[in-house]
Structures are given as structure tokens and as C-alpha cells.
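Chemist: structure for the following, please:
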Amino acid sequence: MSIAIEFENISKQYRLGLVSTNTLSHDLNRWWVTNVRGKEDPYLKIGDVNDRAHKGTSDYVWALKDINFEVQQGDVLGIIGKNGAGKSTLLKILSKVTAPTTGTIKAAGRIASLLEVGTGFHPEMTGRENIYMNGAIMGMTKREITAKLDEIVDFSGVERYIDTPVKRYSSGMTVRLGFAIAAHLEPDILVVDEVLAVGDAEFQKKAIGKMQDVSKGEGRTVLFVSHNMTSIKALCTRGIILENGSVKYDGNIGDAVECYLKSDELNIGAPLMSKIKVLSKEISIIEVTVNGISTNHIDLIYPNRKLYIKVRGKALNKLRVGIECLLYDGNETLLGKFAPTLHTKETDLVHPGEFFIEEIVNLPHNMTNGDYFVQIEITHPKVEYLAVIPKGLKLTTQNYMSEQGIPFDYKLFGFLYL
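Modeler: Coordinates of the predicted model:
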């Protein structure tokens, strides 16, 4: 099998801060050293790794550093990592949106990229005109594009608006059309960044199916970036984890996802408050407990599917405070948002000084045995987020009696969980 893409020592360096005369002096110095004196670029010797969570010691940062790997023709490669790991930068270099600071990329064939909503679209042109423009950019003739036009429009589901300027499309419509163009204009390499999340569930499923057809049926190469581990595992055969601009893992997609999820696992038994982020100066949070527990791990025995969340804090001014929850499965796929304070419109009005609020969150009854993660959000409902514990609570759900083969009569024994 031939090599479709080869990354050789790819690095990308950026300078932080505002553009100023300092940048010009650095550029002149770089030109003098490299072109006149014939020496190595002096700024390649400095710079911090791209760890967005910590303050660095240099104005230069390596968004990517010494990336080396190959992609075989027909491979479906999933690229995963935290925000700021360098995933989008890598795809932009491959798509020639930006150039690498060092290294080279060798790619065989035409590349179709969908890097962000509206990529390659002219807002004043209609959807139909943008299809022809994108095809021409990829080197296709008008006849070839016309032969694919009906298929593209039908797949995108925006037929009614195809002769309307793209600037009037919603973000979901734009992604639908953009993906349809990228997937149907016969690229040798299809590059898709985290844009499918903008589309609805029906379109995401259809897009995943199309990428499977492109790779397996047509033998084309796909590079897919997503934070949805379920989609990654369903589509990809190989995975690469990027961390702080470097390749942390390269191998089987199942092992890659497991490695990625473990790298972000909670320190089980740590205080729930250890991950809290206070986003407003209006309050401070003293304590958060769930089901009477102040640590970050709870066992739920079926049929108990309730979270009793209590928050104690201090407020500077009078305001309404509510509690909302986001539930994720073990693959970090969002299962739902639970905001009883929004549904009932019963939020707690707190006064300056110490306050105490509590909320009962009813979780879905169809949760299977396994691990889940809960993100707790303390809000001024429909106004702002006051504090958040991002995926800071791990739930382990089990039905101990059923696992031991004992029939469980909820009507008979349900009183045990009241």
C-alpha cells in the first residue's frame, strides 16, 4: 500500500502578544542571521511547549514540535487531543492554510478540507456558485462538477436554499453544504476538523457513513479530528494523540481512545472542589457536596438515579443562583443537560453574605452499568455562569442484585431506595 501523506519533522512556532516594532526587529534579525550570515534561525532555539494552562517564560510558543508520522492510502486516521494540543494547526499546515516553521509534508493527490464553518465559501455567492468555485479550486472541470451537482445538493439537504447567498445560511446549513462538497468532489485525501458537531444528529450519522464509504469503498484517505470518541471509534482504524504540540501516542484507535481518556481521568477520591473554576466576582464557593459526599466519585445503585447537590458559598450582591448538570458517558459523549431550575423557574434568591442552595437532579432511568461523568454548573440562570466543575464528578452505576443473578422486584424492594 502506498503512502498518502508523510509528515517529516513538522514544527510550527508562533509569537505571543501584540504585533509591534519588536516583531519587526525580530524579523530583521532572523533575515540577517539566516540570509546574510548563513546560520541557523536563532528563534528556533527558544520557545515554550504549547501548554495553554501555564504561564511560560518566552514570547515564542511551539504549537507543533517535531511531528513525524505517515498515513497510508485508504487509512482513516483519528487525531485526538485536548483543546490547544495542535490538531487544527496540523491540518491547516496539511491544507496549506499556513506554512510550517520547519519540516515538510508530502501528500499524494488532491486534498479536500473542511476545517471550520464556512471554509472555502464566498458569502456573497450562492450555494450553487460555491460548489462550482470549490470544484474549480480542486482542479475539476465544469462538466465534472455538474455531473456531481445533484448528488451534492441532495446529500446536503439544502436544495431549497441552493440559489441563496451563503451568508444567509445557518451554521448547520453551511456545514452540511461544505461537507457535501468536500466528500463528493472525489478528493484523494479528505480532511475534516471538529465541524460536524455543528450539524444535527441525523447529519452527523450520515456524514460518518459517507466518510466510511469514501475510505472503504473508494480507497481514499481520511483524517478526522473530533472530541466525540464514539464517532472516532466508529470511523477510524488508527489514532494519534497530540499533547502540547507533540505526538503522545500513535496506534490502534481503541487503545488511543483509552489512553486519551485515562490521561484526563480524575484523581479518584480527591475533593470535588479541587477542579472548581469560579467565573464571576459576584460569588465565592465554600463547599459542594453530592449525595452528602464531598469527593469526586459516587457509586449509584439502581434504581437510585438522583443527585442531591448542595452548594455553600458567599455572595457580594443579591442575585439568583441555580444549579445545572451535564452528563457524559465514558467516551466523553454528552448525553444530556439537566437544569431543573430552568424548567421549574424556581431559583434561589441569595442575599449578600453566606448562602446555601440545594437541587435534586433526576438522571435518566435507562443508564446502563458503567462510568459516567457529571459537569456541575452554578449559574445565574439565563444570564451567566458563576462557577463550574468541568466533568469533575465520576458516577459508577451498578445493579448489584441483577449482576448476581437475583431477580430484582422494584415494586417489592423499591422502598429501600426512598
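Chemist: quick one: secondary structure of the residue minimising distance to the centre of the chain?
Modeler: Centroid-nearest residue in the chain: residue 227, 3.6 Å away (criterion: Cα atoms, centre = their mean). For residue 227, the assignment made with DSSP: H, G, I helix; E, B strand; the rest coil gives coil.
Chemist: from residue 361, how far out is it?
Modeler: 24 Å (Cβ to Cβ, to the nearest Å). Where C-beta positions appear, they are placed from N, C-alpha and C, glycine not excepted.
Chemist: also residue 159?
Modeler: For residue 159, the distance to residue 361 - Cβ to Cβ - is 42 Å.
Chemist: of these two, which one has the most company?
Modeler: residue 361 (20 against 11; other Cβ atoms under 10 Å).
Chemist: the more buried one contacts residue 338, doesn't it?
Modeler: Yes: counting by Cβ atoms under 8 Å, residue 361 sits close enough to residue 338 to count as a contact (5.0 Å).
Chemist: so how far is the strand ranked longest in the chain from its chain's centroid?
Modeler: What stands out as the longest strand in the chain, according to DSSP state E, is strand 384-398. Offset of strand 384-398 from its chain centre (Cα atoms, centre = their mean, to the nearest Å): 18 Å.
Chemist: contacts for it, please.
Modeler: 266, 268, 272-280, 282-283, 285, 288, 290, 296-302, 321, 328, 332, 367-380 (Cβ atoms under 8 Å, 6 or more residues apart in numbering).
Chemist: so what's the residue count around residue 241?
Modeler: Neighbour count of residue 241, defined by other Cβ under 10 Å: 23.
Chemist: can you classify residue 274 by secondary structure?
Modeler: Using three-state DSSP, the three-state assignment for residue 274 comes out as helix.
Chemist: wait, residue 134 sits on residue 185?
Modeler: Yes: between residue 134 and residue 185 there is a contact at 6.8 Å, judged by Cβ under 8 Å.
Chemist: any idea how far residue 322 is from residue 397?
Modeler: Separation of residue 397 from residue 322 (Cβ to Cβ): 25 Å.
Chemist: so which of the two has more stuff around it?
Modeler: Comparing residue 397 with residue 322 by other Cβ under 10 Å, the one with more neighbours is residue 322, at 24 against 18.
Chemist: which residue ranges of the stretch 301-418 of the chain form helices?
Modeler: Ranges of helices in the stretch 301-418 of the chain, per DSSP state H, counting those that start in this stretch, are 340-344, 400-403, 410-413.
Chemist: for residue 110, give me its contacts.
Modeler: 138-139, 186-189.
Chemist: the residues you listed, buried ones only, as a PyMOL selection?
Modeler: To isolate the buried members of the contacts of residue 110 in PyMOL, using 16 or more other Cβ atoms under 10 Å:
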select buried, resi 138+186+187+188+189
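Chemist: let me have the contacts of residue 110 in JSON lines, extended by distance to residue 238 and pLDDT.
Modeler: Converted to JSON lines, these look like this (distance: Cβ to Cβ, whole Å; pLDDT from 0 to 100):
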{"residue": "138", "distance to residue 238": "26", "pLDDT": "76"}
{"residue": "139", "distance to residue 238": "28", "pLDDT": "78"}
{"residue": "186", "distance to residue 238": "23", "pLDDT": "80"}
{"residue": "187", "distance to residue 238": "19", "pLDDT": "83"}
{"residue": "188", "distance to residue 238": "18", "pLDDT": "87"}
{"residue": "189", "distance to residue 238": "15", "pLDDT": "89"}
